[in-house]
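A.B. asks: build me a model:
(chains A and B)
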Amino acid sequence: MKNIFLIILSVLIFASCEREAAWPTDEGKLPYLVVEAMLTNETKNQEVILSLPVTSANNVPVMVSGADVRIIDGTTIYLFTEDTLNPGHYYSNDVFAGVPGHSYELALRFLPGGGWDGTDVMPPAELFSPLTLLLVNEADSLYKIASVCQNYDPSKFAMYEISLDWSGVPGYDTLENKAVLYYYTLGSLDMGEVLQTDLESVTFPKGTLIKERRYSISGPYAEWLREILIETQWNNGIIMAHPGNATSNMTQYINYADPDADRHNIAGFFCACSVVEWNGVAQ
Amino acid sequence: MYFSAEQKLGKKWFLNYGLRQPVWRNNGLTQVYFFDSLYHVTDTVNYGLNEKIISFRCLEPRLVITYAPVTGRQLKFSYTRNNQFLQILSSSISPFNGIESWVPAGPNIEPQRADQVSIGYFDRLLKNGFLFSAEAYYKLMRNQLDYVDHANLLLNPLLEAEVREGKINAYGIELMARKSSGALTGWISYTYSRSLVNTPELNEGRTYPAMWDRPHNISLHVSWTNGHRWKLTANWIYLTGMPVTTPVGYYTYMNHLVPVYDKIHNDRLPDYHRLDISVTLALAKASRKWQHYLEFGIYNLYGRHNPIAITFNKIVDDNGNFVLPSDFSDPALINPVTTAVAGFIPSLTYRFRL
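C.D. replies: Here you go, the predicted model:
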């Protein structure tokens, strides 16, 4: 039965024809703000990014300045200040690290919209076995990633961020020489994930610097990532899940302009993640 | 239980009516989950082998009134009610793939119920060899399932929390003219139909078109034979484009371009139309018992690109192919891409009949 399904799917994929379409974006209600905030267990100035949605694909988003940003850990409050050279990027005034097991709250105030908050609990960090590589072109010594997450455990949600840098390899200093790839362990199973096709191929030469970071993530953040992946990397036009908006953990607690008005939706997520990092070289 | 009767009232009126009572019962061995208003599990009940979980009894009346002033001309009114105790859930919205599972009516899912009224006119007397029919209908379907956003339907024991119940109003009119005698035969039909869904917990309670809501449907079939061995046929169909949900905006998250949606099925794919032709040669004389044919056909003669899907997440790779981005070092430049599965397809078929 599985073979028949795969044969039908292969026929559909190979017989299918794709064309670029001029498709104007429909008008509709957009989220009020977009939050990109990841608190980690690394001692550093933590970052929160605020932007606005765009009405057309590939438009550059307008960054949100002048917001009041803070992260609250029980009775401790960490204040954030906007980087004047990089609007919309807010950094904590103090260097600090998140502590696994703690619940953190991100509180935003942005007039005239109001105030929003969201919480996440930081899971503990987990050691991991590094990725493996596959030599795909012996003549040029080109590699690609063969596998990530050797010690797979679906109950431990994780995101793997792999940064590749081959700018230091002779002959590649003028070409595209950096890439960032993501892999996930989300504890869910989706058709688009299982039968993922048409993925961009990323190869890199011998000597590429590899940085692999494993983020331990919470269940709600895993669900959020699943939802945005369904809309981005797990939808190839043949296997399509039911579309929808990813549900943010940020909710509005007050609308200053009109306390009785409907609350403004916000997009994005505030997550608290523990990170373990591995560094290596492709060889 | 079933009861049906046919009655003739005078020379021109005919009556057909009946009543049916299906009974549906769910038995164990199984485990049933119960949910609160937010679809969190509040209770889990284990049912033993053959233990009753729930049962449904429904009445299904039906009535057909026919007025036939002369033979070959009819005016017909009908009413029917039907219940269905199994609903299909698919893990994909694509019509061509996905893992489908049949879900029985139970404590969390009511049986589907449909009431339909229709009135039709059928006439064979306008011209010899011609048939004309016109039919209008209205159908109200209750307890129809639709999916929550990003429904998780694969290997999910809490499947019933991923669907919501609503109702569908469907109505339309169907017109058809058919010529069934002579060397040239064929038919032309036009249907205007709507299927509008209202699921209170989805789309902020706003009504939206069903996935199969395609208001205009034209179908033309022409067949010509020389009376001996050759037969030429042509089919042309036209359908309004399928409803789709398309973004009203986007935002960037970790360099992923994430679409924002407002209403379900706010948009439509381009209209679907296609011309198929075929030539058939009978390889044996008509008097022979053994008949075999050679048929040459072309599907989609003018190679229309009829999309079945549109995506808003693909980039163009170095080879000019549309692919899903893997590298998120920078925001990817996204192209809206339509996918069609069948273009111009010639075929050669050999058939035989004993």
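A.B. asks: from A:Ile228, how far off is the closest residue to B:Tyr147 other than its chain neighbours?
C.D. replies: The shortest distance from B:Tyr147 to any non-neighbouring residue, by C-beta to C-beta, 6 or more residues apart in numbering or on different chains, is to A:His242 (4.5 Å). Just so you know, the C-beta spots here come from the backbone N, C-alpha and C atoms, and that holds for glycine as well. A:His242 is 14 Å from A:Ile228, where distance means C-beta to C-beta, to the nearest Å.
A.B. asks: tell me which of these two has more neighbours.
C.D. replies: Neighbours were counted for A:His242 and for A:Ile228 using other C-beta atoms under 10 Å in any protein chain shown; A:Ile228 has more, 23 against 20.
A.B. asks: I'd say that one and B:Tyr253 touch.
C.D. replies: Yes: counting by C-beta atoms under 8 Å, B:Tyr253 is a contact partner of A:Ile228 at 6.2 Å.
A.B. asks: tell me which residue in the stretch 1-150 of chain A sits closest to chain B.
C.D. replies: Closest contact between the stretch 1-150 of chain A and chain B, by C-beta to the nearest C-beta, is at A:Gly28 (2.9 Å).
A.B. asks: please, which helix or strand holds that residue?
C.D. replies: Following DSSP states H and E, there is no helix or strand that holds A:Gly28.
A.B. asks: so it makes contact with B:Ile264?
C.D. replies: No: judged on C-beta under 8 Å, A:Gly28 makes no contact with B:Ile264 at a distance of 11.3 Å.
A.B. asks: neighbour count: the two, which is higher?
C.D. replies: Per other C-beta under 10 Å, whichever of A:Gly28 and B:Ile264 has more neighbours is B:Ile264, with 24 against 15.
A.B. asks: just the mean pLDDT for stretch B:101-111, thanks.
C.D. replies: The average pLDDT for stretch B:101-111 rounds to 89.
A.B. asks: list the contacts of that stretch.
C.D. replies: Outside stretch B:101-111, the residues that touch it by C-beta atoms under 8 Å, 6 or more residues apart in numbering or on different chains are B:24, B:26, B:32-35, B:53-54, B:56, B:58, B:83-89, B:112, B:142-143, B:145, B:153, B:159-160, B:163, B:165.
A.B. asks: what residues are up against the most centrally placed residue in chain B?
C.D. replies: In chain B, the centroid-proximal residue (C-alpha atoms, centre = their mean) is B:Trp212; its distance is 5.4 Å. Residues near B:Trp212 by C-beta under 8 Å, 6+ apart: B:195, B:242.
A.B. asks: and it, how far from chain A?
C.D. replies: Noted for B:Trp212: a distance of 15 Å to chain A, by C-beta to the nearest C-beta, to the nearest Å.
A.B. asks: now B:Asn108
C.D. replies: Separation of B:Asn108 from chain A (C-beta to the nearest C-beta): 19 Å.
A.B. asks: helix, strand, or coil at that residue?
C.D. replies: Here B:Asn108 is coil, with the state taken from DSSP: H, G, I helix; E, B strand; the rest coil.
A.B. asks: A:Thr174 too?
C.D. replies: Taking three-state DSSP as the rule, one finds A:Thr174 in the coil state.
A.B. asks: can you report how many residues lie near it?
C.D. replies: Using other C-beta under 10 Å: A:Thr174 sits among 7 other residues.
A.B. asks: any idea how far A:Tyr91 is from it?
C.D. replies: 33 Å.
A.B. asks: looking at this, B:His221 is in a strand?
C.D. replies: Yes: B:His221: assigned to a strand according to three-state DSSP.
A.B. asks: wait, doesn't it sit right on B:Asn235?
C.D. replies: Yes: between B:His221 and B:Asn235 there is a contact at 5.2 Å, judged by C-beta under 8 Å.
A.B. asks: OK, contacts around the residue nearest to B:Asn46 when sequence neighbours are not counted?
C.D. replies: The shortest distance from B:Asn46 to any non-neighbouring residue, by C-beta to C-beta, 6+ apart, is to B:Gln31 (5.3 Å). Residues counted as contacts of B:Gln31 (C-beta under 8 Å, 6+ apart) are B:44-47, B:157.
A.B. asks: and the residues you listed, which of them are buried?
C.D. replies: The neighbour-count test (16 or more other C-beta atoms under 10 Å in any protein chain shown) marks B:Tyr47 as buried among the contacts of B:Gln31.
A.B. asks: hmm, which two among the contacts of B:Gln31 are most spread apart?
C.D. replies: B:Tyr47 and B:Pro157 (14.7 Å; C-beta to C-beta).
A.B. asks: quick one: the helices in chain A?
C.D. replies: Secondary structure of chain A (DSSP state H): helices at A:2-15, A:191-194, A:219-231.
A.B. asks: and the second one, what other elements does it pack with?
C.D. replies: If you count contacts as 3 or more C-beta pairs under 8 Å, 6 or more residues apart in numbering or on different chains; DSSP states H and E, helix A:191-194 packs onto helix A:219-231.
A.B. asks: the helix it packs on - contacts with which helices or strands?
C.D. replies: Applying 3+ C-beta pairs under 8 Å, 6+ apart, we find helix A:219-231 packed against strand A:178-185, helix A:191-194, strand A:266-281, strand B:256-260.
A.B. asks: can you count the residues close to the closest residue to B:Leu220 other than its chain neighbours?
C.D. replies: Once flanking residues are discounted, B:Leu220 sits nearest to B:Trp236: 4.5 Å by C-beta to C-beta, 6+ apart. For B:Trp236, the neighbour count with other C-beta under 10 Å is 17.
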